[in-house]
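Trainee: fold the following, please.
(chains A and B)
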There are 2 protein chains.
Amino acid sequence: MTHKNISALMALFAFAFLFSGVASAQQTVVGKPAVTNINPDGFPRILDNLSVVFKIKAPDAKKMQIDLGKLYDMTKDDQGFWTVTTAPQVPGFHYYSLVIDGVKVVDPASETFYGTGRMSSAIDIPEKGVDFYDVKDVPHGALSSKYYFSKVTNSWRRLFVYTPAGYDVNTKLKYPVVYIQHGGGEDERGWAVQGKTDIILDNLIAEGKAKPMIVVISNGNVSASGGYTSSAMAAFKEEITNNVVPFIDKNFRTLADVKNRALCGLSMGGGQAFYAGLGSLDCFASVGVFSSGIFGGIANPTGKVFDADKEIPGLLTKAQQFNQKLKLFYVSVGEQDPRFEFTQKEVKKFQNSGLKVQFASFPGDHEWQVWRKSLHDFASRVFK
Amino acid sequence: MTHKNISALMALFAFAFLFSGVASAQQTVVGKPAVTNINPDGFPRILDNLSVVFKIKAPDAKKMQIDLGKLYDMTKDDQGFWTVTTAPQVPGFHYYSLVIDGVKVVDPASETFYGTGRMSSAIDIPEKGVDFYDVKDVPHGALSSKYYFSKVTNSWRRLFVYTPAGYDVNTKLKYPVVYIQHGGGEDERGWAVQGKTDIILDNLIAEGKAKPMIVVISNGNVSASGGYTSSAMAAFKEEITNNVVPFIDKNFRTLADVKNRALCGLSMGGGQAFYAGLGSLDCFASVGVFSSGIFGGIANPTGKVFDADKEIPGLLTKAQQFNQKLKLFYVSVGEQDPRFEFTQKEVKKFQNSGLKVQFASFPGDHEWQVWRKSLHDFASRVFK
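Mentor: Here you go, the predicted model:
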């Protein structure tokens, strides 16, 4: 904080207040503030029909827009406040931007999240009756950040580790481990922040719906070449099996055998789980592929029609060998995701070849609400 | 991530690449990218003289500025890129903003940090020869987030806990605890992210310069009325002594006696450490006040000339009683901070009254570089 900023601290709070567009007592206050707002009483606000009202002070801007799935033009009042009410949104976690005179930026009135390859604003639209990712009065585990040295990237890297409630108390107990990967344009913050992994697991374990387990959230951006190429997939596989897993087994009380180890991920991370999971069945006995584009609906690593048996030799032709090793092979996807029909089609092929696969779909597009549900579902099925 | 965004994933990376203003092979690449950049090869870039070069694509903006301590006007080239080179910066961590046609926003090319009451961009200007907050090849502890229920705010609150390397291995060992507070317009993310608490402690402990200790980073924004008022200070005191300390003693292997418990903080948090620390010597035997404005140089809680003996009854007139209870009373401040002379003056008064106080100052204004050094210094003196 610079001297100029802090010495005007009170003015600054007043500024933040104005900037976030908080309505004064004279103004009509609409809807409810989003939980993702910096100011708990500020804008954006969500109406009963799930439309979002944005309000931002920018007297000198010529054009203000909100990019929330589509572009919304804002209109300016004589006080210099720009406002817009969007169409009703589907529940879930949506990245969005302010567009000021054509420049796409982050909204300082909202929390920011690393996603879409940059720091991004987001809004969490509540889903009626859904509270599995709310902090509740249950025993809470911990989410820890740790540094480990990667021989693949030749650098120190950060990962997050969820340990369940009681981990520090029952120091003889050992736990199974889920390794979970983020999507493209995200990093290890994805599952830690947007994904609410710790809260989901706290609630699931408290309800007795999941075994107490460790969840490891690492950074899947291992190679500079990009996540979907063959070389990037190979680099990830080496990183997860040769660096991350041994580090976790050394530093946490894990059940360090293959049947107590799972690999899953979303989107790009779903592709990584498919290749590094099914490709390392001596390391992982459970694999979860959430909303991956590898089956189609978006570029896949080979750039061609997906041929499962070519990508993982024998997956279809020697399905029984995979069934013997796999404790759980799980695939999920959002029902409004362009990957939906491709995923369904591929799952049918798996089933027709005799490969055991558990499939789930959830209402929603390619976004965190589907992935939170996928984790919730996967964690309740794994290690049983 | 919305469907529109993800289905154009490759385009998006290209966009991020353009947006962050990465110079093409044809362009002259100047200086070194800031470590706070999203794109490891992008802008802003730092020159040898510590000037910063910003470069942002915004073809349709009418006016672009950078607010980095002072406002810098940017100039546009015929490709729509705006650039500016700032004056040489002092080393340290500086919050900054983009100002697009008068609207102050976050730079999506940089990491964002909760500070100045909103999500803010920042740049970390390296200091020659200073590496005490770099990740090194030493044993690493963990930084964990935990939820606890506060009876003061009647809500679940998050805090971070640093546990030193070996905490999970030597399960009989107990540790002393430092409670450390952020400044105004910040929250528990301050010391966890900007402050690099875990890295500083890892390095200090590895060098044998600090005892292995637990550090607890909680959210000091306890009351809605604002951090510097008497009622806010009282609410903080209740929160830290009645909620946070018992929660930590219950859930971590602490040396749960007064002499192994310290309270410190920066700016507003320094004021909180002063009031709740010196005001609860049955709870904390060591107190650290970093860059606080309570002594003057910025509004203090009483709004008047600071009277230490009135704020903490007997502090000057019965100094020996305080000396008997205090293992360490530490005050630090930046040498370019407007609080500097007021702090020095007050420390002289403490000393003249016979109160034992350890004082340190560091080059720098009211900012994180001074606070990182304050933590480094305080942690190396406490519990000895």
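
Trainee: sketch out the low-pLDDT regions of chain A for me.
Mentor: A:1-28, A:225-227, A:299-303 (pLDDT under 70).

Trainee: break it into its domains for me.
Mentor: Per the record, chain A has its domains at A:3-125, A:142-381, by automatic domain parsing.

Trainee: what's the closest of those domains to residue B:284?
Mentor: For the domains of chain A, the distance to residue B:284 is smallest for domain A:142-381, at 23.8 Å, taking C-beta to C-beta. Yep, even glycine has a C-beta here, placed from its N, CA and C like the rest.

Trainee: and the domains of chain A as JSON lines, adding mean neighbour count and distance to chain B?
Mentor: Compiled in JSON lines, the domains of chain A are given as follows (neighbours: other C-beta atoms under 10 Å in any protein chain shown; distance: least, C-beta to the nearest C-beta, whole Å):
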{"stretch": "domain A:3-125", "mean neighbour count": "19", "distance to chain B": "3"}
{"stretch": "domain A:142-381", "mean neighbour count": "20", "distance to chain B": "4"}
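
Trainee: out of those domains, nearest to residue B:127?
Mentor: Comparison of the domains of chain A against residue B:127 by C-beta to C-beta identifies domain A:3-125 as nearest, at 17.5 Å.

Trainee: follow-up on the earlier one: got CSV for the domains of chain A, with distance to residue B:195 too?
Mentor: CSV is the format used below for these (distance: least, C-beta to C-beta, whole Å):
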stretch, distance to residue B:195
domain A:3-125, 16
domain A:142-381, 14
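
Trainee: nearest to residue B:37, out of the ones you listed?
Mentor: Residue B:37 lies closest to domain A:3-125 among the domains of chain A, at 10.4 Å (C-beta to C-beta).

Trainee: select, out of the domains of chain A, the one closest to residue B:96.
Mentor: domain A:3-125 (9.9 Å).

Trainee: sheet-wise, list the partners of the helix or strand where residue A:156 lies with their directions.
Mentor: In the assignment (DSSP states H and E), residue A:156 maps to strand A:155-163. Strand A:155-163 pairs in its sheet with strand A:142-150 (antiparallel), strand A:214-217 (antiparallel), by DSSP bridges.

Trainee: return the shortest one as PDB; C-alpha atoms alone will do.
Mentor: These are the backbone C-alpha positions of strand A:214-217, laid out as PDB (Å, rounded to 0.1, in the frame of the first residue of the first chain):
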ATOM      1  CA  ILE A 214      -6.900 -36.500   1.400                       C
ATOM      2  CA  VAL A 215      -7.400 -34.400  -1.800                       C
ATOM      3  CA  VAL A 216      -4.300 -33.100  -3.600                       C
ATOM      4  CA  ILE A 217      -4.800 -30.100  -5.900                       C
END
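
Trainee: related to what we said a few turns ago, now do the strand holding residue A:156: distance to the chain's middle.
Mentor: Between the mean C-alpha location of strand A:155-163 and the chain-wide mean there is a distance of 16 Å, by C-alpha atoms, centre = their mean, to the nearest Å.

Trainee: can you list contacts of that strand?
Mentor: Applying C-beta atoms under 8 Å, 6 or more residues apart in numbering or on different chains, the set of residues contacting strand A:155-163 from outside is A:141-150, A:175, A:188, A:191-192, A:197-198, A:201, A:214-219, A:244, A:248, A:252, B:135, B:142.

Trainee: distance from the chain centre to the next helix or strand after it, please.
Mentor: Using DSSP H and E, the helix or strand that directly follows strand A:155-163 along the chain is strand A:177-181. From the chain centre to the centre of strand A:177-181 is a distance of 12 Å (C-alpha atoms, centre = their mean).

Trainee: packing partners for strand A:177-181?
Mentor: strand A:214-217, strand A:261-266, helix A:268-272, helix A:368-381 (3 or more C-beta pairs under 8 Å, 6 or more residues apart in numbering or on different chains; DSSP states H and E).

Trainee: so which of the ones you listed is nearest residue B:111?
Mentor: Using C-beta to C-beta, the nearest of the helices and strands packed on strand A:177-181 to residue B:111 is strand A:214-217, at 18.2 Å.

Trainee: and the very next helix or strand once past that closest one with strand A:261-266, angle?
Mentor: Downstream of strand A:214-217, the first helix or strand assigned by DSSP H and E is helix A:230-238. Put simply, helix A:230-238 runs at 140 degrees to strand A:261-266, going by axes from the mean of the first three to the mean of the last three C-alpha atoms, to 10 degrees.

Trainee: next, the angle strand A:177-181 makes with helix A:230-238.
Mentor: Calculated by the same axes, to 10 degrees, helix A:230-238 forms an angle of 160 degrees with strand A:177-181.

Trainee: distance between helix A:230-238 and the chain's centre?
Mentor: 21 Å.

Trainee: does anything pack onto it? Which helices or strands?
Mentor: helix A:268-272.

Trainee: ok, and what's touching the following helix or strand past the helix it packs on?
Mentor: Using DSSP H and E, the helix or strand that follows helix A:268-272 towards the C-terminus is helix A:278. Outside helix A:278, the residues that touch it by C-beta under 8 Å, 6+ apart are A:287, A:312, A:315, A:322, A:329.

Trainee: in strands, which of those appear?
Mentor: Using DSSP state E, A:287, A:329 are the members of these that sit in strands.

Trainee: a markdown table for the contacts of helix A:278, including distance to residue A:68?
Mentor: Converted to a markdown table, those look like this (distance: C-beta to C-beta, whole Å):
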| residue | distance to residue A:68 |
| --- | --- |
| A:287 | 34 |
| A:312 | 38 |
| A:315 | 39 |
| A:322 | 42 |
| A:329 | 36 |
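
Trainee: no further questions, thank you.
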